[in-house]
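Peer 1: Make a model of this:
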Amino acid sequence: MTPEIFGLVICAAALHASWNLISKKANASAGHFVFAYRLISAVLYAPWVIYILWADGMSWSLQAVFFIALSSLLHLGYSLCLQWGYHAADLSIVYPMARGTGPLLSSLAAFLWLGEQPSTLGILGIFSIVAGILLIASDGNLRRFTSPKAWTGVRWGLFIGLFIAAYTVADAYSVKVLLIAPVILDWLSALGNAMILAPRAWMRRTSMLEQMRGKWGYALAVGALSPMAYILVLFALQKGGPVSLVAPLREMSLMMATVAGFFILKERASTARLLGCAVIVAGVVLLTR
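Peer 2: Now for the predicted structure:
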């Protein structure tokens with residue numbers, strides 16, 4: 001993995017951690033909030049897309065249209081399930097489980113479908129990152145996963161992880177094989193999400209305006225940060241980054257959120273969470289070998 005690809009994924013991880021924290025803080029209705037920030041994304045990034053289409057153009061095919069539509073549906077499913085999961089259970093359970101499951105399944109799919117060749121160090125790195133995520137999530141106490149509420153979070157996390165793996169592999173194929181520009185792929189996905197949710201939003205516009213009161217600032221922040229976080233990942237993939245390495249590496253976002261909690265939110269820096277951060281760093285080092 002080149003320093004350029006490594007830098008792109010680390011920047012993406014920082015942006016990803018930021019928008020997830022903002023999304024959780026918003027605590028808004030899933031459908032209304034997702035519609036709002038996806039619509040904002042489509043508006044904010046439209047000038048960039050227009051410039052790319054004007055300067056470079058794009059080759060359209062039935063396969064490209066199919067994968068763009070698939071990307072839109074998978075990202076919509078992920079976004080809705082993420083908000084529903086945050087409503088149903090604690091972020092400290094849902095987020096780590098989702099981010100731990102996603103790279104494992106993405107890497108497996110990359111080995112089986114995209115023909116990537118696993119290395120011993122790469123596999124060790126993947127499992128190290130997942131182990132670090134679980135250490136941070138459990139705070140060293142696996143019994144916290146035995147309560148009914150915790151299991152609700154685990155189920156949502158696993159379900160969200162399936163969506164993460166599916167859109168990661170599908171979008172990697174789009175930018176690597178079909179050569180769709182990352183910005184265009186993500187923008188069309190956002191636009192598709194907004195169009196799918198628009199009839200529901202219009203029919204419930206009074207309810208939406210009421211429930212989104214005081215939350216538009218959060219939607220604006222997520223609408224700006226979320227696409228950029230993923231566009232950087234897509235650029236890393238298009239520049240030759242293997243899915244089996246990029247997918248787990250972007251989970252540095254969890255470690256960043258944890259460290260931010262220690263220093264900014266003054267959360268307790270437990271031994272298990274510090275160890276989890278160290279294990280994630282070790283996994284990152286193995287992935288870059």
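
Peer 1: Could you give the average pLDDT over the helix or strand harbouring residue 285?
Peer 2: Using DSSP states H and E, residue 285 maps to helix 271-287. In this model, helix 271-287 has a mean pLDDT of 79.

Peer 1: can you check stretch 127-140 too?
Peer 2: 76.

Peer 1: And the contacts of that stretch?
Peer 2: 92-93, 95-97, 99-100, 103-104, 144-145, 248-249, 251, 254-255, 258, 270-273, 275-284, 286-287 (Cβ atoms under 8 Å, 6 or more residues apart in numbering). Quick note: C-beta positions are derived from backbone N, CA and C, even for glycine.

Peer 1: In the protein, which helix is the longest?
Peer 2: In the chain, taking DSSP state H as the definition, the longest helix is helix 148-176.

Peer 1: Which positions in that one come out as buried?
Peer 2: By neighbour count with 16 or more other Cβ atoms under 10 Å, helix 148-176 contains the buried residues 150, 152-176.

Peer 1: Was I right to think residue 5 contacts residue 243?
Peer 2: No. Between residue 5 and residue 243 no contact is recorded; they are 12.0 Å apart, counting by Cβ atoms under 8 Å.

Peer 1: May I have the distance across stretch 178-185, first residue to last?
Peer 2: Chord length of stretch 178-185, first to last residue, is 11 Å (Cα to Cα, to the nearest Å).

Peer 1: what ranges of the stretch 151-289 of the chain fall below the confidence cut-off?
Peer 2: Along the stretch 151-289 of the chain, segments meeting pLDDT under 70 span 258, 260-269, 288-289.

Peer 1: Can you tell me what sits against the helix or strand encompassing residue 32?
Peer 2: Here residue 32, judged by DSSP H and E, is contained in helix 30-44. By Cβ under 8 Å, 6+ apart, the residues outside helix 30-44 that reach it are 23, 26, 28, 76, 79-80, 83-84, 87, 187, 190-191, 193-194, 197-198, 200-201, 204, 207-208, 211-212, 215-216, 218-220, 222-224, 226-227.

Peer 1: mind listing which of the residues you listed are in helices?
Peer 2: Mapping the contacts of helix 30-44 onto helices (DSSP H) picks out 23, 26, 76, 79-80, 83-84, 87, 187, 190-191, 193-194, 197-198, 200-201, 207-208, 211, 216, 218-220, 222-224, 226-227.

Peer 1: Tell me the buried residues in the helix holding residue 32?
Peer 2: Buried residues in helix 30-44 (16+ other Cβ under 10 Å): 30-42, 44.

Peer 1: What's the mean pLDDT across stretch 23-39?
Peer 2: Confidence over stretch 23-39 (mean pLDDT, whole number) is 78.

Peer 1: so how far is the first residue of that stretch from its last?
Peer 2: Using Cα to Cα, first and last residues of stretch 23-39 are 15 Å apart.

Peer 1: ok, residue 82 to residue 188 distance?
Peer 2: Computed with Cβ to Cβ, to the nearest Å, the distance linking residue 82 and residue 188 is 20 Å.
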